[in-house]
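Asker: Sharing a sequence plus its predicted fold:
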Amino acid sequence: MEEKCCCAPTEGEHRTKERSPEEYRSLCNRLSRIEGQIRGLRGMLDRGAYCPDILAQAAAANAALNAFSRELLSRHIRSCVVNDVRAGNDEVIDELLDTLQKMMK
């Protein structure tokens, strides 16, 4: 089953991707956990928690956000990039490289 992805935008619009219910659910669950971690950080700050404890929680939240980004990037490469390259749209490689540059800052 091939996913419809990275649809060509019409003028003034951005590209979109139709995600499977499983992919959508997985990504949303990750974001919900990250939101909980961020709320936990705020709570720790409000309670006057010890700095190293807050920093450890911040590192965990950062790792969770990085894991979200890796999963999304992997799915993008395996679907949108592969499909575009197969269709002869090699410009997607430049877009991918730009995206990776932004992620590495």
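Answerer: That came in fine, so what should we check first?
Asker: Quick one: low-confidence residue ranges for the protein.
Answerer: Along the chain, the parts satisfying pLDDT under 70 run over 1-13.
Asker: Please, which helix or strand holds the residue nearest in space to the middle of the chain?
Answerer: The chain has Ser69 as the residue nearest its centroid, 3.5 Å off, counting by C-alpha atoms, centre = their mean. In the assignment (DSSP states H and E), Ser69 maps to helix 51-76.
Asker: what's near enough to touch the residue nearest to the centre of the chain?
Answerer: Neighbouring residues of Ser69 by C-beta atoms under 8 Å, 6 or more residues apart in numbering: Met103. Backbone N, C-alpha and C define where each C-beta goes, glycine included.
Asker: how far away is it from Gly43?
Answerer: To Gly43, Ser69 is 25 Å away according to C-beta to C-beta, to the nearest Å.
Asker: swap in Gly36?
Answerer: 10 Å.
Asker: Most distant residue from the centre of this protein?
Answerer: Gly48 (31.2 Å).
Asker: tell me which element that residue is part of?
Answerer: With DSSP H and E as the test, Gly48 turns up in no helix or strand.
Asker: Run through the residues that contact Ile77.
Answerer: Contacts of Ile77 (C-beta under 8 Å, 6+ apart): Leu96.
Asker: cutoff 7 Å now
Answerer: If you count contacts by C-beta atoms under 7 Å, 6 or more residues apart in numbering, Ile77 has none.
Asker: swap in Val85?
Answerer: By C-beta under 7 Å, 6+ apart, the neighbours of Val85 are Val92.
Asker: Against Asp90, how distant is the closest residue to Leu41 other than its chain neighbours?
Answerer: Leaving aside its chain neighbours, Leu41 sits nearest to Gln57 (5.5 Å; criterion: C-beta to C-beta, 6 or more residues apart in numbering). Going from Gln57 to Asp90 by C-beta to C-beta gives 43 Å.
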